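Trainee: Please work out how this folds:
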Amino acid sequence: QVQLVESGGGLVQAGGSVRVSCVASGRIYSINSWGWYRKAPGKQRELIAVMSNGETTNYGDSVKGRFTISIDNAKKSVYLQMTSLTPEDTAVYYCNSRIRTSIHSSASEYWGQGTQVTVSS
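Mentor: The predicted structure follows:
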């Protein structure tokens, strides 16, 4: 079984910065991709950033130039550095990963439980 656990976030003032982290544990053969999504009340889930094969990155239009995704393969972790935050960035942030649990398996998608980021004006 694979688990993704997020940490970080919390309350931050507009214009500030915060970093959220996510670590994968369990039976992991390889990690194909990492991603961050967010869900704000009354809004659909939104792609924030995806990193594939350890290097190819894509960002949502609303966060380009402000947010940065990075990974630490040795720690099986992904990070999201968020800067120039606005109240519109307030949401629950979810970690996502496509992971193979063995050499014989295809990648499956896993999600963390989410971490709240609240930006005050």
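Trainee: any idea whether the spatially most distant residue from the centre of the chain is helix, strand or coil?
Mentor: What lies farthest from the middle of the chain is residue 104; by CA atoms, centre = their mean that is 26.7 Å. Following DSSP: H, G, I helix; E, B strand; the rest coil, residue 104 is assigned to coil.
Trainee: how close does it sit to residue 53?
Mentor: 20 Å (CB to CB, to the nearest Å). Bear in mind the C-beta positions are built from the backbone N, C-alpha and C, glycine included.
Trainee: How about the contacts made by the residue most central in space within the chain?
Mentor: Geometric centre of the chain, nearest residue: residue 36, 2.8 Å, by CA atoms, centre = their mean. Contact analysis of residue 36 by CB atoms under 8 Å, 6 or more residues apart in numbering lists 20, 22, 48-50, 67, 69, 78, 80, 93-96.
Trainee: go again using 10 Å as the cut-off
Mentor: 6, 20, 22, 46-51, 59-60, 63, 67, 69, 78-80, 82, 93-96, 112 (CB atoms under 10 Å, 6 or more residues apart in numbering).
Trainee: Show me where this structure has its strands.
Mentor: For the chain, strands defined by DSSP state E occupy the ranges 2-8, 10-13, 18-26, 30-39, 46-52, 56-59, 67-72, 77-82, 91-100, 108-111, 115-120.
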